[in-house]
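**Student:** Build me a model:
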Amino acid sequence: MVNLKKLKVISSELSLLYVEDDEMLRNQTHQLFLQLFKTVHVAEDGEAGLSLYKNFFLDTNSYYDIVLSDIKMPNLDGIGLSQAILNINAGQKIIIASAHSEKDYLVNLINIGVNAFIEKPFGDNIFEALYKICSTFQKERSVALGNGYYYSAYKKSILFNNEEILLSDNEFKFLELLINNANQHFMAEDIFNHLYYDKVEKEFSLDSIKSLVKRLRKKLPKDLIINSYQSGYRINLAKN
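**Tutor:** From the prediction side, this is the model:
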(Lines give C-alpha, C1' and ligand atoms only; values in the text may rest on other atoms or scores of the structure.)
Protein backbone atom coordinates (compact mmCIF):
# COMPACT_ATOMS: atom_id res chain seq x y z
CA MET A 1 0.00 0.00 0.00
CA VAL A 2 1.26 3.47 -0.92
CA ASN A 3 1.49 5.92 1.97
CA LEU A 4 2.11 9.65 2.10
CA LYS A 5 5.83 9.28 2.86
CA LYS A 6 6.48 6.90 -0.04
CA LEU A 7 4.53 9.09 -2.46
CA LYS A 8 6.39 12.23 -1.38
CA VAL A 9 9.71 10.72 -2.46
CA ILE A 10 8.65 10.93 -6.10
CA SER A 11 6.18 13.84 -5.99
CA SER A 12 8.04 16.55 -4.08
CA GLU A 13 9.48 18.26 -7.17
CA LEU A 14 6.31 18.15 -9.27
CA SER A 15 3.54 20.69 -9.88
CA LEU A 16 -0.20 20.08 -9.58
CA LEU A 17 -3.32 21.92 -10.69
CA TYR A 18 -6.33 20.83 -8.61
CA VAL A 19 -9.82 21.78 -9.85
CA GLU A 20 -12.79 21.14 -7.55
CA ASP A 21 -16.01 23.09 -7.02
CA ASP A 22 -16.77 21.71 -3.53
CA GLU A 23 -15.12 24.33 -1.31
CA MET A 24 -14.75 22.16 1.79
CA LEU A 25 -13.26 19.24 -0.13
CA ARG A 26 -11.05 21.58 -2.14
CA ASN A 27 -9.60 23.20 0.97
CA GLN A 28 -9.05 19.91 2.79
CA THR A 29 -7.40 18.21 -0.17
CA HIS A 30 -5.35 21.30 -0.95
CA GLN A 31 -3.70 21.01 2.46
CA LEU A 32 -2.83 17.39 1.73
CA PHE A 33 -1.36 18.22 -1.65
CA LEU A 34 0.81 20.97 -0.16
CA GLN A 35 2.62 18.23 1.76
CA LEU A 36 3.29 16.27 -1.42
CA PHE A 37 4.02 18.64 -4.29
CA LYS A 38 6.41 21.49 -4.89
CA THR A 39 3.72 23.65 -6.50
CA VAL A 40 -0.04 23.35 -5.94
CA HIS A 41 -2.61 25.67 -7.52
CA VAL A 42 -6.36 25.30 -7.00
CA ALA A 43 -9.39 26.43 -8.97
CA GLU A 44 -13.09 26.34 -8.18
CA ASP A 45 -14.31 25.32 -11.65
CA GLY A 46 -13.08 24.33 -15.09
CA GLU A 47 -13.10 27.85 -16.46
CA ALA A 48 -10.85 29.12 -13.65
CA GLY A 49 -8.71 26.01 -13.98
CA LEU A 50 -8.14 26.58 -17.69
CA SER A 51 -7.17 30.19 -17.00
CA LEU A 52 -4.65 29.06 -14.38
CA TYR A 53 -3.29 26.46 -16.79
CA LYS A 54 -2.63 29.03 -19.50
CA ASN A 55 -1.15 31.59 -17.09
CA PHE A 56 1.14 29.02 -15.52
CA PHE A 57 2.71 28.39 -18.90
CA LEU A 58 3.10 32.12 -19.54
CA ASP A 59 4.79 32.55 -16.17
CA THR A 60 7.05 29.47 -16.20
CA ASN A 61 7.31 28.39 -19.84
CA SER A 62 6.19 24.93 -18.70
CA TYR A 63 2.94 23.12 -18.04
CA TYR A 64 1.73 21.63 -14.78
CA ASP A 65 3.03 18.11 -14.33
CA ILE A 66 -0.39 16.84 -13.23
CA VAL A 67 -3.95 18.13 -13.50
CA LEU A 68 -6.49 16.64 -11.08
CA SER A 69 -10.09 17.65 -11.76
CA ASP A 70 -13.63 16.84 -10.70
CA ILE A 71 -16.12 15.97 -13.46
CA LYS A 72 -19.27 17.93 -12.60
CA MET A 73 -18.50 21.63 -12.18
CA PRO A 74 -20.16 24.91 -13.16
CA ASN A 75 -19.02 27.03 -16.13
CA LEU A 76 -16.78 24.29 -17.59
CA ASP A 77 -16.95 20.67 -16.49
CA GLY A 78 -14.11 18.16 -16.21
CA ILE A 79 -14.66 16.78 -19.70
CA GLY A 80 -14.53 20.22 -21.29
CA LEU A 81 -11.51 21.20 -19.22
CA SER A 82 -9.65 18.00 -20.13
CA GLN A 83 -10.40 18.46 -23.82
CA ALA A 84 -9.27 22.09 -23.77
CA ILE A 85 -6.04 21.24 -21.93
CA LEU A 86 -5.22 18.31 -24.21
CA ASN A 87 -5.77 20.57 -27.23
CA ILE A 88 -3.07 22.83 -25.78
CA ASN A 89 -0.75 20.07 -24.55
CA ALA A 90 -1.46 16.58 -25.85
CA GLY A 91 0.98 15.04 -23.39
CA GLN A 92 -0.62 16.45 -20.26
CA LYS A 93 -1.15 13.97 -17.40
CA ILE A 94 -4.76 14.28 -16.22
CA ILE A 95 -6.53 12.51 -13.36
CA ILE A 96 -10.30 12.79 -13.04
CA ALA A 97 -12.15 12.46 -9.73
CA SER A 98 -15.66 11.07 -10.08
CA ALA A 99 -18.50 9.80 -7.93
CA HIS A 100 -19.75 6.28 -8.58
CA SER A 101 -22.86 7.68 -10.25
CA GLU A 102 -20.74 9.53 -12.81
CA LYS A 103 -19.11 6.49 -14.40
CA ASP A 104 -21.00 7.05 -17.64
CA TYR A 105 -18.69 9.99 -18.29
CA LEU A 106 -15.54 7.91 -18.11
CA VAL A 107 -15.75 6.43 -21.61
CA ASN A 108 -15.62 9.92 -23.12
CA LEU A 109 -12.68 10.84 -20.90
CA ILE A 110 -10.78 7.69 -21.87
CA ASN A 111 -11.37 8.46 -25.53
CA ILE A 112 -9.90 11.95 -25.28
CA GLY A 113 -6.81 10.73 -23.42
CA VAL A 114 -7.30 11.15 -19.67
CA ASN A 115 -4.72 9.07 -17.79
CA ALA A 116 -6.45 7.94 -14.60
CA PHE A 117 -9.57 8.11 -12.44
CA ILE A 118 -10.15 8.38 -8.70
CA GLU A 119 -13.51 7.50 -7.21
CA LYS A 120 -14.92 9.89 -4.62
CA PRO A 121 -14.95 10.09 -1.66
CA PHE A 122 -11.14 9.94 -1.52
CA GLY A 123 -9.30 7.32 0.49
CA ASP A 124 -6.12 5.38 -0.13
CA ASN A 125 -7.10 5.36 -3.80
CA ILE A 126 -5.84 8.92 -4.20
CA PHE A 127 -2.34 7.88 -3.08
CA GLU A 128 -2.36 4.90 -5.43
CA ALA A 129 -3.40 6.94 -8.46
CA LEU A 130 -0.95 9.76 -7.78
CA TYR A 131 1.87 7.30 -7.13
CA LYS A 132 1.30 5.61 -10.47
CA ILE A 133 1.31 8.92 -12.35
CA CYS A 134 4.30 10.33 -10.45
CA SER A 135 6.26 7.14 -11.15
CA THR A 136 6.02 7.84 -14.87
CA PHE A 137 7.75 11.20 -14.31
CA GLN A 138 10.42 9.49 -12.25
CA LYS A 139 11.26 7.19 -15.13
CA GLU A 140 11.08 9.94 -17.75
CA ARG A 141 13.37 12.27 -15.79
CA SER A 142 15.83 9.69 -14.53
CA VAL A 143 18.63 7.56 -15.85
CA ALA A 144 18.27 3.81 -15.44
CA LEU A 145 21.34 2.40 -13.72
CA GLY A 146 20.22 -1.21 -13.81
CA ASN A 147 18.94 -3.72 -11.26
CA GLY A 148 16.07 -1.44 -10.21
CA TYR A 149 18.27 1.61 -9.61
CA TYR A 150 17.55 5.04 -11.10
CA TYR A 151 19.56 8.23 -10.92
CA SER A 152 17.33 11.26 -10.37
CA ALA A 153 18.94 14.52 -11.42
CA TYR A 154 16.27 16.78 -10.00
CA LYS A 155 16.32 15.06 -6.59
CA LYS A 156 20.12 14.63 -6.53
CA SER A 157 19.64 11.08 -5.38
CA ILE A 158 19.50 7.45 -6.36
CA LEU A 159 16.20 5.60 -6.25
CA PHE A 160 15.96 1.89 -5.67
CA ASN A 161 12.42 0.54 -6.06
CA ASN A 162 11.32 4.17 -5.59
CA GLU A 163 13.06 4.39 -2.22
CA GLU A 164 15.41 7.37 -2.03
CA ILE A 165 19.13 6.88 -1.44
CA LEU A 166 20.67 10.26 -0.71
CA LEU A 167 23.97 11.38 -2.20
CA SER A 168 26.45 13.84 -0.80
CA ASP A 169 27.17 16.92 -2.92
CA ASN A 170 30.43 15.46 -4.20
CA GLU A 171 28.91 12.06 -4.88
CA PHE A 172 26.21 13.77 -6.92
CA LYS A 173 28.71 15.90 -8.85
CA PHE A 174 30.89 12.89 -9.62
CA LEU A 175 28.01 10.70 -10.75
CA GLU A 176 26.55 13.52 -12.83
CA LEU A 177 29.93 14.00 -14.51
CA LEU A 178 30.07 10.34 -15.49
CA ILE A 179 26.44 10.14 -16.66
CA ASN A 180 26.65 13.31 -18.76
CA ASN A 181 29.85 12.02 -20.37
CA ALA A 182 29.04 8.33 -20.53
CA ASN A 183 31.63 7.48 -23.20
CA GLN A 184 34.54 9.27 -21.55
CA HIS A 185 37.14 8.26 -18.97
CA PHE A 186 38.21 10.59 -16.18
CA MET A 187 41.46 10.39 -14.29
CA ALA A 188 41.42 11.03 -10.54
CA GLU A 189 42.95 14.47 -11.02
CA ASP A 190 40.24 15.40 -13.56
CA ILE A 191 37.58 14.39 -11.05
CA PHE A 192 39.25 16.33 -8.27
CA ASN A 193 39.43 19.47 -10.41
CA HIS A 194 35.76 19.07 -11.34
CA LEU A 195 34.71 18.78 -7.70
CA TYR A 196 36.89 21.60 -6.38
CA TYR A 197 37.11 23.98 -9.34
CA ASP A 198 36.19 26.89 -7.08
CA LYS A 199 38.74 25.99 -4.40
CA VAL A 200 42.05 26.59 -6.16
CA GLU A 201 43.93 26.51 -2.87
CA LYS A 202 42.92 22.88 -2.23
CA GLU A 203 45.67 20.39 -3.01
CA PHE A 204 45.01 17.28 -5.07
CA SER A 205 44.43 14.13 -3.02
CA LEU A 206 44.23 10.75 -4.71
CA ASP A 207 43.02 9.16 -1.48
CA SER A 208 40.04 11.50 -1.29
CA ILE A 209 38.92 10.48 -4.80
CA LYS A 210 39.37 6.78 -4.04
CA SER A 211 37.37 7.21 -0.85
CA LEU A 212 34.61 9.04 -2.73
CA VAL A 213 34.37 6.29 -5.34
CA LYS A 214 34.34 3.59 -2.66
CA ARG A 215 31.45 5.26 -0.81
CA LEU A 216 29.46 5.80 -3.98
CA ARG A 217 29.95 2.24 -5.18
CA LYS A 218 28.26 0.98 -2.02
CA LYS A 219 25.10 2.83 -3.12
CA LEU A 220 25.17 1.68 -6.75
CA PRO A 221 24.75 -1.54 -8.76
CA LYS A 222 27.88 -3.65 -8.96
CA ASP A 223 30.27 -2.74 -11.80
CA LEU A 224 28.40 0.45 -12.69
CA ILE A 225 31.51 2.55 -12.13
CA ILE A 226 34.57 0.93 -13.66
CA ASN A 227 38.14 2.11 -13.82
CA SER A 228 41.53 1.18 -15.18
CA TYR A 229 44.96 2.37 -14.11
CA GLN A 230 45.70 3.88 -17.52
CA SER A 231 42.31 5.27 -18.59
CA GLY A 232 40.59 6.32 -15.37
CA TYR A 233 36.94 6.09 -14.34
CA ARG A 234 33.84 5.82 -16.49
CA ILE A 235 30.24 4.74 -16.07
CA ASN A 236 29.10 1.42 -17.48
CA LEU A 237 25.51 2.07 -18.56
CA ALA A 238 25.58 -0.22 -21.61
CA LYS A 239 25.34 -3.42 -19.56
CA ASN A 240 22.73 -2.16 -17.09
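
**Student:** wait, isn't residue 115 in contact with residue 91?
**Tutor:** No: with contact defined as C-beta atoms under 8 Å, residue 115 does not reach residue 91; the gap is 10.2 Å. From N, CA and C alone the C-beta is placed, and that goes for glycine too.

**Student:** so who does residue 105 touch?
**Tutor:** Under the criterion of C-beta atoms under 8 Å, 6 or more residues apart in numbering, the contact list for residue 105 reads 71, 78, 79, 98.

**Student:** whoops, I mixed them up, residue 163
**Tutor:** Taking C-beta under 8 Å, 6+ apart as the test, what residue 163 contacts is 6, 9.

**Student:** Need the pLDDT of it.
**Tutor:** In this prediction, residue 163 carries a pLDDT score of 79.

**Student:** before we move on, the earlier item: of residue 115 and residue 91, give the one with the bigger neighbour count.
**Tutor:** residue 115 (18 against 7; other C-beta atoms under 10 Å).

**Student:** elements contacting the helix of greatest length in the chain?
**Tutor:** In the chain, taking DSSP state H as the definition, the longest helix is helix 124-140. With contacts defined as 3 or more C-beta pairs under 8 Å, 6 or more residues apart in numbering; DSSP states H and E, the packing partners of helix 124-140 are helix 4-11, strand 66-70, strand 93-99, strand 116-120, strand 149-152.

**Student:** Switch those over to CSV; also include mean neighbour count, distance to residue 235 and mean pLDDT.
**Tutor:** CSV is the format used below for these (neighbours: other C-beta atoms under 10 Å; distance: least, C-beta to C-beta, whole Å; pLDDT from 0 to 100):
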stretch, mean neighbour count, distance to residue 235, mean pLDDT
helix 4-11, 17, 23, 85
strand 66-70, 27, 31, 96
strand 93-99, 21, 30, 89
strand 116-120, 17, 35, 86
strand 149-152, 21, 10, 82
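
**Student:** and of the ones you listed, who's closest to residue 32?
**Tutor:** The minimum distance between residue 32 and these falls on helix 4-11, with 8.0 Å, by C-beta to C-beta.

**Student:** which residues of the chain score low on pLDDT?
**Tutor:** Counting by pLDDT under 70, the chain contains low-confidence ranges at 100-104, 107, 138-141, 153-155, 238-240.

**Student:** would you list every one of the helices in it?
**Tutor:** Counting by DSSP H, the helices of the chain are 4-11, 23-34, 46-60, 78-88, 106-112, 124-140, 169-180, 188-195, 206-217.

**Student:** Break the chain down into its structural domains.
**Tutor:** 4-140, 142-235 (automatic domain parsing).

**Student:** Can you give me the first-to-last residue distance of the shortest one?
**Tutor:** From its first residue to its last, domain 142-235 covers 15 Å (C-alpha to C-alpha, to the nearest Å).

**Student:** what's the answer for stretch 184-191, then?
**Tutor:** Between the opening and closing residues of stretch 184-191 lies a distance of 12 Å (C-alpha to C-alpha).

**Student:** With stretch 215-229 instead?
**Tutor:** Using C-alpha to C-alpha, the span of stretch 215-229 from its first residue to its last is 19 Å.

**Student:** rewinding a little: want to throw the contacts of residue 105 into CSV with distance to residue 192?
**Tutor:** Formatted as CSV, the entries for those read as follows, by distance: C-beta to C-beta, whole Å:
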residue, distance to residue 192
71, 58
78, 55
79, 58
98, 57
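
**Student:** just checking, residue 171 touches residue 217?
**Tutor:** No: here residue 171 does not reach residue 217: they are 10.2 Å apart, not a contact under C-beta under 8 Å.
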